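> Pasting the sequence and the predicted coordinates here, then a few questions.
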Amino acid sequence: MNISEAVKLLSNDINSISIECANRVTEFYTSDSDKIVSDNDFGSIVVEFEYLFLHVVDRYAHMTLSENVRDKFIEALGINVIDLNYKNYGFNIEKKLIEDAKKYEINMLNNRTHEYSNYKKMFPNQGEGTGNTLFWEFGKKITLEYLHSHNPAVIVKCVIAASDIIIKGNLEEKIKMIE
């Protein structure tokens with residue numbers, strides 16, 4: 001599969017799996033009480049999952065693709081995922097504002113990539129604590145920033161949703177198919 005085909009396939013995958021994960025987490029969070037998640041917070045959770053999955057794809061691409069191919073692929077993928085958000089959700093705002101928003105999202109994606117690169121492990125090894133692993137720290141971010149909760153069960157739900165999707169989505173295998 002060439003870069004263009006991979007970008008199209010994976011950007012659609014990342015967008016849809018991010019929505020699925022956000023749904024899983026917010027449904028779990030709101031299931032046991034009168035808690036609600038605003039549309040803005042839900043949208044932010046979707047985007048944060050997209051940043052996470054783009055980072056994970058970049059990790060896999062780093063192990064699999066040549067530097068030149070990886071750089072072209074990841075840049076195009078990030079832009080395409082961001083473009084999909086504006087295309088799919090039909091934001092009714094001026095073109096200039098959309099371009100500014102896309103620049104902001106690209107900057108946020110770069111910030112998240114830098115932040116997430118500090119976590120060398122995605123998951124803890126058996127018998128290790130969960131702290132300072134990518135998925136645990138991501139779950140904490142979602143739980144604290146968007147759900148305004150300190151509930152470890154919600155953090156775990158974020159971790160389970162994301163890890164389950166990475167396995168089911170065959171992200172690593174799809175990257176290995178890029179030529």
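Sure thing, it's come through.

> what are the ranges of the helices in this protein?
Remark: helices assigned in the chain by DSSP state H are 3-30, 39-64, 67-88, 95-116, 134-145, 152-168, 171-176.

> Export these to CSV and append columns for distance to Pro124, mean neighbour count and mean pLDDT.
In short, each C-beta sits where N, CA and C put it, glycine included. Below are these laid out as CSV (distance: least, CB to CB, whole Å; neighbours: other CB atoms under 10 Å; pLDDT from 0 to 100):
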stretch, distance to Pro124, mean neighbour count, mean pLDDT
helix 3-30, 20, 19, 91
helix 39-64, 16, 19, 90
helix 67-88, 26, 17, 87
helix 95-116, 16, 13, 82
helix 134-145, 8, 21, 92
helix 152-168, 10, 18, 85
helix 171-176, 19, 17, 84
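
> So which of those helices is nearest Met122?
Closest to Met122 of the helices of the chain, according to CB to CB: helix 134-145, at 4.6 Å.

> Mind giving me the packing neighbours of that closest one?
Applying 3 or more CB pairs under 8 Å, 6 or more residues apart in numbering; DSSP states H and E, we find helix 134-145 packed against helix 39-64, helix 152-168.

> now what about the last one, what contacts it?
By that I understand helix 152-168. 17, 20-21, 24-25, 28-29, 49, 52-53, 56, 122-123, 130, 135-136, 138-140, 142-143, 147, 172 (CB atoms under 8 Å, 6 or more residues apart in numbering).

> try it again with 6 Å
With contacts defined as CB atoms under 6 Å, 6 or more residues apart in numbering, helix 152-168 is touched by Ile17, Cys21, Arg24, Val25, Phe28, Tyr29, Phe135, Gly139, Lys140, Ile142, Thr143.

> I'd like to check the angle between it and helix 3-30, please.
Counting by axes from the mean of the first three to the mean of the last three CA atoms, to 10 degrees, helix 152-168 points 150 degrees away from the direction of helix 3-30.

> tell me the angle helix 152-168 makes with helix 134-145.
Using the same axes, to 10 degrees: helix 152-168 against helix 134-145 is 130 degrees.

> ok, the closest residue in space to Ile19 that isn't next to it in sequence to Glu179 distance?
Excluding the flanking residues, the one nearest Ile19 by CB to CB, 6 or more residues apart in numbering is Val46, at 5.5 Å. Distance from Val46 to Glu179, counting by CB to CB, to the nearest Å: 30 Å.
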